[in-house]
Each structure stands twice: as C-alpha cells, then as structure tokens.
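Undergrad: The sequence and its predicted three-dimensional model are supplied below.
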Amino acid sequence: MRQVVIYPGEDGQWVAECPSLPGCISQGRTKEEAVANIREAVAVFIETLEEDKLPVPPEKFETYIVAV
C-alpha cells in the first residue's frame, strides 16, 4: 500500500505522484484516471526495482490536512 498525492496540473490534467517512490509520477484527464494510472505506475516501479535487485523504499510518509 502506498500513499499518493493528486493535484491539478498546469495542463488541465490531474497529476498523481507517490512520494515514497521518488520519480514515480503519472497523470490522467480525471482524478479516477490519474489514480488508475499511478496504481499501475507504482506496481511497475516496484517490479522493476525488484527485478534489478534494488531495495524497495518503505512507505514512510504520513499526511495531514492543516487549516491556515
């Protein structure tokens, strides 16, 4: 299980990234599409690390919503 951050990109697409896997970023036309795409990207990212016998970074992030 991984946490992802989703936010609107400058090009009108939704950007999704996984902070615990640096460089694991995807996007989609809708939030739902961005989530589906990042789910696949995370799976491929981890699979590639394992195939290359590289360590898979642990999930270490916690998120909070802070009212300002």
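TA: Done, it's in. Residues are numbered from 1 along each chain as shown.
Undergrad: pLDDT value on A67, please?
TA: What the model reports for A67 is a pLDDT of 91.
Undergrad: And it, how close does it get to N37?
TA: Using CB to CB, to the nearest Å, A67 is found at 30 Å from N37. No exception for glycine: its C-beta is placed from N, CA and C like everyone else's.
Undergrad: the more surrounded of those two?
TA: N37 (17 against 3; other CB atoms under 10 Å).
Undergrad: so that one makes contact with S26?
TA: Yes. Using CB atoms under 8 Å, N37 is in contact with S26, at 3.9 Å.
Undergrad: list the residues that contact both of the two?
TA: Residues touching both N37 and S26 (CB atoms under 8 Å, 6 or more residues apart in numbering) are A16.
Undergrad: now the strands: where do they sit in the chain?
TA: Along the chain, counting by DSSP state E, strands occupy 5-8, 14-17, 25-28.
Undergrad: Output these in a markdown table; the columns should cover distance to V44, mean neighbour count and mean pLDDT.
TA: Below are those laid out as a markdown table (distance: least, CB to CB, whole Å; neighbours: other CB atoms under 10 Å; pLDDT from 0 to 100):
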| stretch | distance to V44 | mean neighbour count | mean pLDDT |
| --- | --- | --- | --- |
| strand 5-8 | 18 | 12 | 96 |
| strand 14-17 | 14 | 20 | 98 |
| strand 25-28 | 10 | 18 | 98 |
